[in-house]
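Chemist: build me a model:
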Amino acid sequence: MSGKLKIALGSFGALIVVLAGAAWWLGLFSSEPEEQTVEAAAESVAADSDPATAEAVTDLTGTWTVEAGEATFVGYRVQEVLSSVGDFEAVGRAPGVTGTLVADGTTISEVSITADLTGLASDSGARDGQLKSQALETDTFPEATFVLTSPIDVATIPAEGETVVFTATGDLTLHGVTNSVTLDVNGTVQSGKLIVVGSTDILMPDYNITPPSAPIVASIDENAVMEVSLVFARG
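Modeler: As a prediction, this is how the structure comes out:
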(Lines give C-alpha, C1' and ligand atoms only; values in the text may rest on other atoms or scores of the structure.)
Protein backbone atom coordinates (compact mmCIF):
# COMPACT_ATOMS: atom_id res chain seq x y z
CA MET A 1 0.00 0.00 0.00
CA SER A 2 1.41 3.39 -1.01
CA GLY A 3 2.11 6.10 1.54
CA LYS A 4 -0.42 8.44 -0.08
CA LEU A 5 -3.13 5.79 0.09
CA LYS A 6 -2.36 5.15 3.76
CA ILE A 7 -2.64 8.88 4.49
CA ALA A 8 -5.92 9.11 2.57
CA LEU A 9 -7.38 6.13 4.38
CA GLY A 10 -6.19 7.51 7.71
CA SER A 11 -7.82 10.87 7.02
CA PHE A 12 -11.03 9.17 6.00
CA GLY A 13 -10.94 7.07 9.14
CA ALA A 14 -10.43 10.18 11.28
CA LEU A 15 -13.44 11.80 9.62
CA ILE A 16 -15.55 8.73 10.36
CA VAL A 17 -14.46 8.88 14.01
CA VAL A 18 -15.43 12.56 14.27
CA LEU A 19 -18.83 11.97 12.68
CA ALA A 20 -19.44 8.91 14.78
CA GLY A 21 -18.55 10.90 17.87
CA ALA A 22 -21.01 13.59 16.86
CA ALA A 23 -23.74 11.02 16.35
CA TRP A 24 -22.87 9.47 19.72
CA TRP A 25 -23.08 12.84 21.49
CA LEU A 26 -26.08 14.27 19.70
CA GLY A 27 -28.21 11.37 18.59
CA LEU A 28 -28.28 12.65 15.02
CA PHE A 29 -31.10 10.32 14.04
CA SER A 30 -33.53 11.93 16.47
CA SER A 31 -35.10 15.38 16.46
CA GLU A 32 -35.16 17.84 19.33
CA PRO A 33 -38.61 18.70 20.71
CA GLU A 34 -39.98 22.09 19.79
CA GLU A 35 -40.43 24.75 22.43
CA GLN A 36 -43.43 23.92 24.60
CA THR A 37 -46.57 26.01 24.16
CA VAL A 38 -49.55 26.28 26.45
CA GLU A 39 -51.75 25.18 23.54
CA ALA A 40 -49.78 21.96 23.10
CA ALA A 41 -49.89 21.30 26.84
CA ALA A 42 -53.65 21.86 26.88
CA GLU A 43 -54.13 19.45 23.97
CA SER A 44 -52.18 16.81 25.88
CA VAL A 45 -54.30 17.31 28.98
CA ALA A 46 -57.53 17.19 26.97
CA ALA A 47 -56.47 13.92 25.33
CA ASP A 48 -55.94 12.31 28.74
CA SER A 49 -59.12 13.65 30.38
CA ASP A 50 -62.74 12.54 30.50
CA PRO A 51 -64.93 15.54 29.54
CA ALA A 52 -67.85 14.05 31.47
CA THR A 53 -66.02 14.30 34.80
CA ALA A 54 -64.09 17.54 34.27
CA GLU A 55 -65.28 20.46 36.39
CA ALA A 56 -65.30 23.99 35.02
CA VAL A 57 -62.79 26.32 36.66
CA THR A 58 -64.63 29.46 37.75
CA ASP A 59 -62.06 30.63 40.27
CA LEU A 60 -58.62 29.56 41.43
CA THR A 61 -59.32 29.55 45.17
CA GLY A 62 -57.69 26.66 46.97
CA THR A 63 -54.58 24.54 46.77
CA TRP A 64 -53.51 23.01 43.48
CA THR A 65 -51.02 20.16 43.15
CA VAL A 66 -48.67 19.41 40.27
CA GLU A 67 -49.97 16.45 38.28
CA ALA A 68 -47.59 14.07 36.51
CA GLY A 69 -48.06 13.54 32.80
CA GLU A 70 -46.72 14.28 29.35
CA ALA A 71 -47.33 18.02 29.76
CA THR A 72 -45.47 18.32 33.08
CA PHE A 73 -41.71 18.81 32.99
CA VAL A 74 -38.82 21.18 33.69
CA GLY A 75 -36.08 21.39 31.09
CA TYR A 76 -33.31 23.28 29.35
CA ARG A 77 -32.38 24.48 25.88
CA VAL A 78 -28.74 25.36 25.15
CA GLN A 79 -26.62 25.89 22.05
CA GLU A 80 -23.71 23.53 21.38
CA VAL A 81 -20.91 23.85 18.81
CA LEU A 82 -19.57 20.45 17.77
CA SER A 83 -16.13 20.02 16.26
CA SER A 84 -16.26 19.62 12.45
CA VAL A 85 -20.05 19.36 12.58
CA GLY A 86 -21.63 22.72 13.47
CA ASP A 87 -24.19 24.30 15.77
CA PHE A 88 -26.98 22.39 17.44
CA GLU A 89 -29.57 23.10 20.10
CA ALA A 90 -29.51 20.60 22.94
CA VAL A 91 -32.81 20.04 24.74
CA GLY A 92 -33.27 18.08 27.95
CA ARG A 93 -36.38 17.55 30.05
CA ALA A 94 -37.07 16.15 33.51
CA PRO A 95 -40.62 14.87 34.11
CA GLY A 96 -40.21 14.36 37.84
CA VAL A 97 -41.80 17.55 39.15
CA THR A 98 -43.74 18.05 42.38
CA GLY A 99 -45.21 21.11 44.03
CA THR A 100 -48.23 23.19 44.95
CA LEU A 101 -49.94 26.44 44.03
CA VAL A 102 -52.20 28.34 46.43
CA ALA A 103 -54.67 30.94 45.21
CA ASP A 104 -57.53 33.11 46.41
CA GLY A 105 -59.90 34.22 43.67
CA THR A 106 -57.64 35.38 40.85
CA THR A 107 -54.59 35.98 43.04
CA ILE A 108 -51.87 33.33 43.25
CA SER A 109 -50.15 33.80 46.61
CA GLU A 110 -47.89 30.75 46.89
CA VAL A 111 -46.05 28.52 44.47
CA SER A 112 -43.44 25.94 45.44
CA ILE A 113 -41.95 23.64 42.79
CA THR A 114 -39.28 20.93 43.03
CA ALA A 115 -37.76 19.22 39.98
CA ASP A 116 -35.79 15.99 40.10
CA LEU A 117 -32.88 16.79 37.76
CA THR A 118 -31.50 13.26 37.91
CA GLY A 119 -34.25 12.41 35.43
CA LEU A 120 -33.10 14.89 32.78
CA ALA A 121 -33.18 13.22 29.39
CA SER A 122 -32.20 14.53 25.96
CA ASP A 123 -31.66 12.76 22.65
CA SER A 124 -28.20 11.70 23.84
CA GLY A 125 -27.55 9.37 26.74
CA ALA A 126 -23.91 10.44 26.59
CA ARG A 127 -24.84 14.07 27.19
CA ASP A 128 -27.21 13.09 29.98
CA GLY A 129 -24.50 11.05 31.65
CA GLN A 130 -22.07 13.96 31.57
CA LEU A 131 -24.54 16.14 33.49
CA LYS A 132 -24.30 13.81 36.46
CA SER A 133 -20.67 14.77 37.10
CA GLN A 134 -20.26 17.98 35.05
CA ALA A 135 -22.19 21.23 34.69
CA LEU A 136 -25.39 20.60 36.71
CA GLU A 137 -23.60 17.84 38.66
CA THR A 138 -26.88 16.15 39.42
CA ASP A 139 -25.16 13.45 41.46
CA THR A 140 -24.34 16.22 43.96
CA PHE A 141 -27.23 18.62 43.31
CA PRO A 142 -30.15 16.38 42.34
CA GLU A 143 -32.93 18.96 42.69
CA ALA A 144 -33.88 22.41 41.51
CA THR A 145 -36.54 24.45 43.29
CA PHE A 146 -38.62 27.53 42.58
CA VAL A 147 -40.49 29.46 45.28
CA LEU A 148 -42.76 32.38 44.39
CA THR A 149 -41.78 35.61 46.17
CA SER A 150 -44.38 38.04 44.77
CA PRO A 151 -48.13 37.38 44.45
CA ILE A 152 -49.56 37.07 40.94
CA ASP A 153 -52.86 38.66 39.99
CA VAL A 154 -54.08 37.00 36.81
CA ALA A 155 -57.03 39.45 36.69
CA THR A 156 -59.38 37.08 34.87
CA ILE A 157 -59.67 33.33 34.66
CA PRO A 158 -59.41 32.26 31.03
CA ALA A 159 -62.04 30.12 29.40
CA GLU A 160 -60.89 26.86 27.88
CA GLY A 161 -58.97 27.68 24.72
CA GLU A 162 -58.03 31.15 25.96
CA THR A 163 -54.67 32.20 27.37
CA VAL A 164 -53.59 34.70 30.01
CA VAL A 165 -50.06 36.09 30.09
CA PHE A 166 -48.28 37.05 33.30
CA THR A 167 -44.90 37.01 35.01
CA ALA A 168 -43.83 34.96 38.01
CA THR A 169 -41.03 36.24 40.23
CA GLY A 170 -39.38 33.91 42.69
CA ASP A 171 -36.24 32.30 44.05
CA LEU A 172 -34.68 29.66 41.83
CA THR A 173 -32.24 27.29 43.49
CA LEU A 174 -30.04 25.48 41.00
CA HIS A 175 -26.67 23.78 41.51
CA GLY A 176 -26.78 24.84 45.15
CA VAL A 177 -27.13 28.56 44.31
CA THR A 178 -30.26 30.67 44.82
CA ASN A 179 -31.08 33.68 42.63
CA SER A 180 -34.20 35.72 42.02
CA VAL A 181 -35.67 35.10 38.56
CA THR A 182 -38.70 36.20 36.58
CA LEU A 183 -40.49 33.76 34.30
CA ASP A 184 -42.66 34.80 31.39
CA VAL A 185 -45.72 32.58 31.73
CA ASN A 186 -48.74 31.65 29.64
CA GLY A 187 -51.64 30.10 31.50
CA THR A 188 -54.92 28.42 30.62
CA VAL A 189 -57.45 25.97 32.00
CA GLN A 190 -58.37 22.68 30.42
CA SER A 191 -60.57 19.84 31.64
CA GLY A 192 -60.65 21.23 35.17
CA LYS A 193 -56.85 21.59 35.28
CA LEU A 194 -54.67 24.69 35.53
CA ILE A 195 -51.85 24.73 32.96
CA VAL A 196 -48.85 27.04 33.01
CA VAL A 197 -45.97 27.16 30.52
CA GLY A 198 -43.08 29.54 30.97
CA SER A 199 -39.39 30.14 30.48
CA THR A 200 -36.50 32.26 31.70
CA ASP A 201 -32.91 32.81 30.61
CA ILE A 202 -30.22 31.25 32.77
CA LEU A 203 -26.58 32.41 32.78
CA MET A 204 -24.54 29.42 33.93
CA PRO A 205 -21.86 31.39 35.87
CA ASP A 206 -24.64 32.89 38.00
CA TYR A 207 -25.15 29.37 39.39
CA ASN A 208 -21.48 28.37 39.49
CA ILE A 209 -22.09 26.06 36.55
CA THR A 210 -19.22 25.28 34.19
CA PRO A 211 -20.46 24.12 30.78
CA PRO A 212 -19.75 20.40 30.28
CA SER A 213 -16.92 19.28 28.03
CA ALA A 214 -16.40 16.32 25.72
CA PRO A 215 -13.95 15.57 22.88
CA ILE A 216 -16.57 16.22 20.20
CA VAL A 217 -17.82 19.47 21.78
CA ALA A 218 -15.99 22.63 20.71
CA SER A 219 -18.04 24.93 22.94
CA ILE A 220 -21.32 25.30 24.79
CA ASP A 221 -23.07 28.63 25.23
CA GLU A 222 -23.10 29.88 28.83
CA ASN A 223 -26.61 31.21 28.20
CA ALA A 224 -29.36 28.62 28.52
CA VAL A 225 -33.15 28.71 28.62
CA MET A 226 -35.05 27.01 31.42
CA GLU A 227 -38.44 25.74 30.28
CA VAL A 228 -41.30 24.96 32.63
CA SER A 229 -44.52 23.18 31.71
CA LEU A 230 -46.82 22.33 34.60
CA VAL A 231 -50.30 20.90 35.02
CA PHE A 232 -52.03 21.54 38.34
CA ALA A 233 -55.06 19.68 39.66
CA ARG A 234 -57.17 21.14 42.46
CA GLY A 235 -56.74 19.55 45.86
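Chemist: can you tell me the SS state at Ala224?
Modeler: Following DSSP: H, G, I helix; E, B strand; the rest coil, the label given to Ala224 is strand.
Chemist: quick one: contacts for the spatially most central residue of the chain?
Modeler: Nearest to the mean C-alpha position of the chain, by Cα atoms, centre = their mean, lies Gly75 at 1.4 Å. Residues near Gly75 by Cβ atoms under 8 Å, 6 or more residues apart in numbering: Val91, Gly92, Arg93, Ala94, Leu120, Met226, Glu227. Every C-beta, even on glycine, is put in place using the N, C-alpha and C of the backbone.
Chemist: contact partners for the fourth one?
Modeler: This means Ala94. Counted by Cβ under 8 Å, 6+ apart, Ala94 has contacts Phe73, Val74, Gly75, Ala115, Asp116, Leu117, Thr118, Gly119, Leu120, Ala121.
Chemist: ok, 6 Å please
Modeler: Ala94 sits next to Val74, Ala115, Leu117, Gly119, Leu120 when contact means Cβ atoms under 6 Å, 6 or more residues apart in numbering.
Chemist: got phi/psi on the third one?
Modeler: Read it as Leu117. Here is the backbone geometry of Leu117 (degrees, to the nearest 10): phi -80, psi -10.
Chemist: hmm, Thr138 and it touching each other?
Modeler: Yes - the criterion here is Cβ atoms under 6 Å, and Leu117 meets it with Thr138 at 4.6 Å.
Chemist: before we move on, the earlier item: before we move on, which element is the residue nearest to the centre of the chain in?
Modeler: Element membership for Gly75, per DSSP states H and E: strand 73-82.
Chemist: and the strand or helix carrying Ser199, which residues are buried?
Modeler: Following DSSP H and E, one finds Ser199 within strand 193-203. The neighbour-count check on strand 193-203 (16 or more other Cβ atoms under 10 Å) flags Lys193, Leu194, Ile195, Val196, Val197, Gly198, Ser199, Thr200, Ile202 as buried.
Chemist: stretch 96-108 too?
Modeler: For stretch 96-108, by 16+ other Cβ under 10 Å, it's Gly96, Val97, Gly99, Leu101, Val102, Ala103, Ile108.
Chemist: which residues touch the nearest residue to Val177 once chain neighbours are set aside?
Modeler: Leaving out its chain neighbours, the residue that sits closest to Val177 by Cβ to Cβ, 6 or more residues apart in numbering is Tyr207, at 4.5 Å. Contacts here follow Cβ under 6 Å, 6+ apart; on that basis Tyr207 touches Leu174, His175, Val177.
Chemist: so what does the host helix or strand of Glu43 touch, helix or strand wise?
Modeler: Using DSSP H and E, Glu43 sits in helix 38-47. Here helix 38-47 touches strand 177-190, strand 193-203, going by 3 or more Cβ pairs under 6 Å, 6 or more residues apart in numbering; DSSP states H and E.
Chemist: need those strands in JSON lines with mean pLDDT and distance to Val45, can you?
Modeler: Shown next, in JSON lines, are the helices and strands packed on helix 38-47 (pLDDT from 0 to 100; distance: least, Cβ to Cβ, whole Å):
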{"stretch": "strand 177-190", "mean pLDDT": "97", "distance to Val45": "5"}
{"stretch": "strand 193-203", "mean pLDDT": "96", "distance to Val45": "5"}
